[in-house]
Every structure is written in C-alpha cells, then in structure tokens.
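S.K.: predicted model and sequence below, questions to follow.
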Amino acid sequence: MAQTSSCRKKPNILITGIPGTGKTTTADALAEVTELRHINVGEFANEKNLINGWDDTFDCYYINQDLVCDELENLIEEGGNIVDHQSCDFFPERWFDCVVVLQTDNSVLYDRFTKRGYTDQKLANNTERATFQVLLEEAKENYPEDIVVILRSDSLEDITKNVETLTSWISNWSPVL
C-alpha cells in the first residue's frame with residue numbers, strides 16, 4: 001500500500017465493496033482501534049438529508065453525490081477518516097491515501113443477502129456486481145493503482161485480519177509533503 005501526497009496528519013481510508021462484504025463491520029472495528037472517524041456515507045447522507053429520493057426496486061435511497069462530497073469536504077481535508085460506501089467513483093481522488101475493496105465469495109454473499117431479505121432483483125444485481133468485480137474495476141479506474149488494496153472478507157476471522165493489516169498500515173503511514 002503506497003501513499004498519496006498529502007498535508008494531512010492522519011490518513012483517509014475508503015472501504016468499498018458491494019453490500020454484505022463487511023464494510024461497516026470492518027470500518028467500525030478499525031475506527032475503534034485506531035481512533036479514526038468512521039463515516040458511513042449512506043447514514044451520513046440520510047442524516048444530512050442529502051438524498052434524491054427512494055428506489056423501490058432496490059429498496060434504498062438515491063444519495064445526491066455532489067451534496068455528499070460538498071458536505072464531506074472539510075472533514076476529509078482534516079484527515080483521520082474511514083469512509084465506508086458501496087461505490088467509490090464519485091469521490092475526489094485526492095481524498096484518500098488507501099482504497100480498500102472488500103471481496104466476499106458469492107455463496108457467502110448469497111446467504112447474507114437472503115438473511116437481509118433482499119428482493120430477487122436486488123440479490124441478482126449485487127451477485128452480478130460481485131461476480132464481475134465491478135467495484136474493483138471502479139477503484140482501479142478512479143484511484144492510483146498503488147493505493148488500491150483488495151482484501152478478502154468471507155468471515156469474522158478475515159475481518160479481524162483485515163483490521164490488523166490496516167492498523168499496521170495506519171501506524172506506518174506518514175504524510176508525503
């Protein structure tokens with residue numbers, strides 16, 4: 001994991017992956033051990049009313065990406081954030097020092113999706129996105145390759161290992177001036 005040029009005193013990390021890969025669980029655990037701020041973008045957008053309506057098909061809000069970025073700008077510039085969102089292509093590249101793409105085996109995801117009560121269409125859409133590694137491609141297209149990290153997230157053991165890996169990276173991070 002490389003670093004981007006920054007004048008921040010603490011790094012910013014983006015954790016992305018399709019629903020069910022453990023983004024929020026990983027971000028919560030990492031925030032707890034590192035004292036970085038966890039920002040769940042979906043919750044943030046809902047709390048700040050940065051939404052453009054409701055998608056009945058996928059049972060979720062449409063967030064207003066421009067308003068979310070405007071609202072996050074000052075927090076991100078300070079550094080010390082773990083941003084958790086299922087998409088990464090609308091955030092400015094300069095915001096992040098590390099972009100983590102969580103990946104989970106489709107059979108594990110299927111079980112997680114059915115436990116969440118996903119509709120057939122939502123289940124199929126997310127399974128397809130996982131199969132074709134849509135978010136990994138999105139990350140590679142929008143961020144320098146040397147800051148994009150793929151981590152397996154099939155189990156609690158994987159999440160624990162991922163938190164340890166990221167904690168180590170954070171403790172070794174220093175801003176590049």
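M.R.: Thanks, I have the structure now. Numbers count the residues shown, from 1 in each chain.
S.K.: what about residue 74, neighbour count?
M.R.: By other C-beta atoms under 10 Å, 8 other residues sit near residue 74. C-beta here means a position set from N, CA and C on the backbone, and glycine is covered the same way.
S.K.: does it count as helix, strand or coil?
M.R.: Per DSSP: H, G, I helix; E, B strand; the rest coil, the local secondary structure of residue 74 is helix.
S.K.: per-residue pLDDT, it?
M.R.: Residue 74 carries a pLDDT value of 93.
S.K.: quick check: what element follows the lowest-mean-pLDDT helix or strand in the chain along the chain?
M.R.: One helix or strand of the chain scores below all others by mean pLDDT, DSSP states H and E: helix 120-131, with a mean of 79. Later in the chain than helix 120-131, the nearest helix or strand by DSSP states H and E is helix 134-142.
S.K.: got the angle for that next one vs helix 120-131?
M.R.: Note on geometry: by axes from the mean of the first three to the mean of the last three C-alpha atoms, to 10 degrees, helix 134-142 and helix 120-131 are set 50 degrees apart in direction.
S.K.: may I see the buried residues of helix 134-142?
M.R.: 135, 136, 138, 139, 142 (16 or more other C-beta atoms under 10 Å).
S.K.: where does pLDDT dip in the chain?
M.R.: 1-6, 176-177 (pLDDT under 70).
S.K.: where do the helices sit along the protein?
M.R.: 23-34, 41-47, 65-78, 106-115, 120-131, 134-142, 156-172 (DSSP state H).
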